[in-house]
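[1] With the sequence up front, the predicted model follows.
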Amino acid sequence: MLTSCSTEKFLPDGATLLRKVTLRSDDKSLPLSEYRPYVRQEPNARWFNLVKVPLALYSLSPADTTRRKGRFFRKIGEAPVVYDHSLTEYSTRSLQSALFARGWLHAKVTADTTVHRRKTDVTYKLSPGQRYHLSDITYDFDNPELYSVLQASPVPSALHEGSPVDVNLLSEERTRIVSALHEQGYYKINKEYITFLVDTLSGEGTASLTIRFSPPPGVDHQDTYRQFRFHNIRILEEEPLHTTAISDTTDYDNLSKGYLVSPSGSSRPLVQELGKTSLRRRVYMSNIALRPDSLYRESDFQRTYSSLNRLSAVAYTSLRIHPSVYTDSALLDAEIRVTRNKPHSVRAELEGTNTNGDLGAALVLSYTNRNIFHGSELFSIKLRGAYEAITGLEGYNDANYFEYGAEASIQFPRRRLPFTQRRRRIMAVSSLKFMFDSQDRPEFHRRVFTGEWTYQWNSPRKPGLHHRFSPVSLNYIFMPWISSTFRRDYLDGEDARYSILRTSYEDLFLMNSTYTLTYSSSQRHQRQSELSALPTIAPLTEGWQIKFTIETAGNFLYALSSITGARRNENGQYKYLNNVYSQYVKTEIDFAHIKRIDHRNAFAFHAFFGIAIPYGNSSVIPYEKRYFAGGANSLRGWGVRTLGPGNRNRRDGKIDFVNQTGNMKLDLSIEWRTKLFWKLEGAFFIDAGNVWNTRTYPDDQGGKIDLRHIYRQIAVSYGLGLRLNFDYFVLRFDAGMKAINPAYPTGRDHFPIIHPRFSRDFAFHFAVGLPF
């Protein structure tokens, strides 16, 4: 068997397998991981950096590539990496150049190879030496006016005395200079005008930097140093494209729809309609920052592109700038090409559901209009019907669960918010949503009405900062029917165990406000958010992201009840529309960090803390707002709603999932994610946390948080995951095991990691998407 799996049969005569590549440095402060990409030949991939499984799979294939077995294993496996000496020399030069570019001007790199039984190990030794830093910086501009413009720029320079002689910093400074001049109308200036002179003779480890600005030979200085202004701005609109994207060869001169914006001699430009467009003129003018007679500014150009691409009615946008026909003047003409999105779409989705082992199906029909009032308003209607076969119920006439619902929403693109100054232009969306949901279970029937008004916007000065504010959200929940069996067993009795359950099956009215602030450090994440049609949060793939949410409910109604002298019920609560309303404050903080080790491995960390405090008109948080632990996105060693609160131990009663919730939650997770082969990815994870109550409720022994012995109330689980990554969605299979079980505060069962029992401690989860 060892002979059949040998990799040597795939190696040419005299060749060796590249087994290991190591980077070492005599400077311990040198971040070697930053220089790993300059190694041009890497060995075969390892799962979790331990075992070369892809190579082993490839080695299972026979030498005959025509056999089906051979083709299969070669497709999912990875061919052996044959050591190439020329690539080692290339890597040595690349590493040395990279060190030189970062300021180690006398760096040296050598490569040592060791061969043993047709396997080669390569060790690159990096000797950076002394890093050079800037002792002084001088700007040499051949035009004093341009230097004055640069000095007035609000963007500070990344270069200062003591900065390392780093090519990245020099490139950043070149970009800053060009951008500062472009912001003042100097359209023809580019990066070729800027050169750097570094003098290392001033002292050991120090260098003098001269930043010289001068056009290349043969360039007309007078023409280059002119400030350019816009003359005519042409807006052209094209019908939706069905199969291909916009093309530079499209004959836009023959398009009859659009506007021509030209100077009028006053502050308001002259707008001439070239043909009726699908979007109103005001929509175009409010999203285009370019104006006749205004200076060319790079930021206006980028803001126009981003603003138009955010509109749901727009599929593509292309901007072209060229000298005006008035060749003797410093004038520019702009041509904005807009390709409309498809205005209507209909979609049908079939879903499979699995609720704690109960299988079912759901059908969702949706209709979308992306330009319903000709202002790029996004209108959508969704209809949903679901069925689920419920098992394990006794004493009920029916065992079927039916759900149907409808949702209607409309989103309005905005350039400002109602509570900000008019002159402050931002990218914002306001939305109005109404929803109705009907749930018919064997135990009860439940109806939910929801109405919500929301604002979303991205910060104009801080990329990656996203706001979501819902000033008012109305939720009306009522129970038109409860079965006699359910009422007799749980609601009408005096069992203190079901005290929280009783409050969860009463008619309820919620009026709340929510604000969410999200910030992401990932530049890729920021770019995705900037280019999205609406202010939104793109999936996190690298860097870190933090989200803070605060929600309040019932304050306005409580104040209104107090002022009007409304009467309280027998429980001391006010009512609105003949229903008790909830009053609480809820706050959450959610943090995620993804650190890439290399192109195949990454560490992902997630932390969540949330707490909801009832007060005033409420003593219990509504069930919809309570926290639960366990499941595919929480502690994966437990099923959904089978953990907590605190040290609470599940009883053998008929219903316990409502009691296994709390008004405070802590979730901690860390994952080691690795690429396996094909579209398969793996993960090793550790989860910790729990849910608690901050108040003592009847028959809730161990459910209240105990800060002195909180270490006994923290649950821990571990496990392995398999993910099918199809780029546009991920299928996830996670298998978790309990490591520390707070349901048993002491004794043998508190540490199932030492005394495991598979039937008790194992949990399997299937989900779509990553857990964080």
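    It's in. Numbering: from 1, shown residues only.

[2] Verify the stated contact: residue 616 with residue 559.
    No: using CB atoms under 8 Å, residue 616 makes no contact with residue 559, being 9.7 Å away. Placement of C-beta: from N, CA and C, glycine included.

[3] who's more crowded, these two?
    The residue with more neighbours, out of residue 616 and residue 559, is residue 616; 20 against 11, by other CB atoms under 10 Å.

[4] can you tell me which residues contact that one?
    Applying CB atoms under 8 Å, 6 or more residues apart in numbering to residue 616 gives the contacts 554, 555, 558, 583.

[5] Buried ones from those residues, can you make that a ChimeraX selection?
    The buried subset of those, as determined by 16 or more other CB atoms under 10 Å, is captured in ChimeraX by this line:
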select :554,555,558,583
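
[6] any chance of the contacts of residue 616 in JSON lines, with distance to residue 97 and pLDDT too?
    Output for the contacts of residue 616, formatted as JSON lines (distance: CB to CB, whole Å; pLDDT from 0 to 100):
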{"residue": "554", "distance to residue 97": "65", "pLDDT": "93"}
{"residue": "555", "distance to residue 97": "63", "pLDDT": "95"}
{"residue": "558", "distance to residue 97": "68", "pLDDT": "94"}
{"residue": "583", "distance to residue 97": "65", "pLDDT": "95"}
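
[7] The contacts of residue 616 in helices, which ones?
    Assigned to helices by DSSP state H, the following of the contacts of residue 616 qualify: 555, 558.

[8] Please identify which pair of the contacts of residue 616 lies farthest apart.
    The span of the contacts of residue 616, defined through CB to CB, is set by 555 and 583 at 6.7 Å.

[9] Tell me the bridge partners for residue 448.
    residue 437, residue 477 (DSSP bridges).

[10] start the count at 48, not 1, going forward
    Done: numbering now begins at 48, and the last item shifts to residue 495.

[11] Chain neighbours aside, what residue packs nearest to residue 635?
    Nearest residue to residue 635, sequence neighbours excluded (CB to CB, 6 or more residues apart in numbering): residue 657, at 3.9 Å.

[12] Paired strands for the helix or strand hosting the one you found, with orientation please.
    Using DSSP states H and E, residue 657 maps to strand 648-661. According to DSSP bridges, strand 648-661 forms sheet pairs with strand 631-643 (antiparallel), strand 711-724 (antiparallel).

[13] Heading C-terminal from the last one, find the next helix or strand.
    Going down the chain from strand 711-724, the next helix or strand is strand 727-739, by DSSP H and E.

[14] ok so, going back, deepest of the strands paired with strand 648-661, which one?
    Across these, the average number of neighbours (mean count of other CB atoms under 10 Å) peaks for strand 711-724, which reaches a mean of 20.

[15] closest to residue 344 out of the strands paired with strand 648-661?
    If you check each of the strands paired with strand 648-661 against residue 344 by CB to CB, strand 631-643 wins as the nearest, at 35.5 Å.

[16] any idea of the pLDDT on residue 103?
    As predicted, residue 103 sits at a pLDDT of 84.

[17] Report the contact partners of residue 562.
    Counted by CB under 8 Å, 6+ apart, residue 562 has contacts 514, 515, 516, 517, 596, 597, 598.

[18] can you redo those residues as a markdown table with pLDDT?
    A markdown table is the format used below for these (pLDDT from 0 to 100):
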| residue | pLDDT |
| --- | --- |
| 514 | 93 |
| 515 | 94 |
| 516 | 95 |
| 517 | 95 |
| 596 | 97 |
| 597 | 98 |
| 598 | 97 |
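
[19] Pipe these into CSV and attach secondary structure per row.
    Listed next are the contacts of residue 562 as CSV, based on DSSP: H, G, I helix; E, B strand; the rest coil:
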residue, secondary structure
514, strand
515, strand
516, strand
517, strand
596, strand
597, strand
598, strand
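
[20] which one of these sits closest to residue 444?
    Sorting the contacts of residue 562 by how near they are to residue 444, with CB to CB, puts residue 598 at the top with 39.0 Å.

[21] which residues does that closest one contact?
    Applying CB under 8 Å, 6+ apart, the residues near residue 598 are 559, 560, 561, 562, 632, 633, 634.

[22] Same question for residue 456.
    For residue 456, the contact set (CB under 8 Å, 6+ apart) comprises 426, 427, 478, 479, 480, 481.

[23] Show the contacting residues for residue 205.
    Shown in contact with residue 205 (CB under 8 Å, 6+ apart): 216, 219, 220, 223.

[24] The spatially closest residue to residue 338 that is not a sequence neighbour: what's it in contact with?
    Excluding the flanking residues, the one nearest residue 338 by CB to CB, 6+ apart is residue 316, at 6.0 Å. Residues near residue 316 by CB under 8 Å, 6+ apart: 308, 309, 310, 338, 339, 340.

[25] rewinding a little: got a ChimeraX select line for the buried ones in the contacts of residue 456?
    For the buried members of the contacts of residue 456, the matching ChimeraX selection, counting by 16+ other CB under 10 Å, is:
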select :426,427,478,480
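
[26] Switch the contacts of residue 456 over to JSON lines; also include secondary structure and pLDDT.
    What follows is those, written out as JSON lines (DSSP: H, G, I helix; E, B strand; the rest coil; pLDDT from 0 to 100):
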{"residue": "426", "secondary structure": "strand", "pLDDT": "97"}
{"residue": "427", "secondary structure": "strand", "pLDDT": "97"}
{"residue": "478", "secondary structure": "strand", "pLDDT": "94"}
{"residue": "479", "secondary structure": "strand", "pLDDT": "96"}
{"residue": "480", "secondary structure": "strand", "pLDDT": "97"}
{"residue": "481", "secondary structure": "strand", "pLDDT": "97"}
